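Engineer: mind folding the following:
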Amino acid sequence: MPVPVTASHAVPATGPTGLPIAEAATRSGLTADTLRYYEKDGLMLRPVPRTATGQRRYQPEDLRWIALVTRLRATGMPVRDVRRYADLVRAGDGNEHARLALLREHRQVVLAQLAEVTEHLGAIDAKIGIYEDRLAGVADLSPTRS
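Structural biologist: Numbers count the residues shown, from 1 in each chain. Below you'll find the predicted structure:
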């Protein structure tokens, strides 16, 4: 469902600035559908400015925000938490403690994931070491070390 274009969000038709959605998608590594979803679902800080004909024009600050949202999502932050963070930022000054708490909580989740992935990497490295030793002719060829 498109966001209605209002005068406060329109960019003059004679000189639209910013990037169209296709270019913003290319630069962000997301699809145009994902960018539309971010806006529709309240993940953007503001409605993306539009031309008089309704075409979105992404500004540098929009692209910076999209990059942050992409990182938060890539590290597993649930959409509801990204939305909550966006709501807090949109609300302005005075809620920095809540923003900090949300980000610190997510950081703990990311650190736990990182520890788990590091453990998995250790197992992979051990297996690589076994095969490197075998290929070098010094390995224990017992079946339990496959």
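
Engineer: which helix is the longest one in this structure?
Structural biologist: Ordering each helix of the chain by length in residues (DSSP state H) puts helix 96-136 first.

Engineer: so which elements touch that helix?
Structural biologist: Here helix 96-136 touches helix 79-91, going by 3 or more Cβ pairs under 8 Å, 6 or more residues apart in numbering; DSSP states H and E. Where C-beta positions appear, they are placed from N, C-alpha and C, glycine not excepted.

Engineer: C-terminal to the lowest-mean-pLDDT helix or strand in the chain, what's the next element?
Structural biologist: Lowest by mean pLDDT, DSSP states H and E among the helices and strands of the chain is strand 10-11, with a mean of 42. Next helix or strand after strand 10-11 toward the C-terminus (DSSP states H and E): helix 21-28.

Engineer: for that following helix, packing partners?
Structural biologist: By 3+ Cβ pairs under 8 Å, 6+ apart, helix 21-28 packs against helix 32-40, helix 60-74.

Engineer: in the first one, which residues are buried?
Structural biologist: What it means is helix 32-40. 34-36, 38-39 (16 or more other Cβ atoms under 10 Å).

Engineer: for G54, which of the helices and strands packed on helix 21-28 is the nearest?
Structural biologist: helix 32-40 (12.4 Å; Cβ to Cβ).

Engineer: okay, the angle between that closest one and helix 21-28?
Structural biologist: 100 degrees (axes from the mean of the first three to the mean of the last three Cα atoms, to 10 degrees).

Engineer: and the buried residues of helix 32-40, which is closest to L100?
Structural biologist: L100 lies nearest to Y38 out of these, by Cβ to Cβ, at 23.0 Å.
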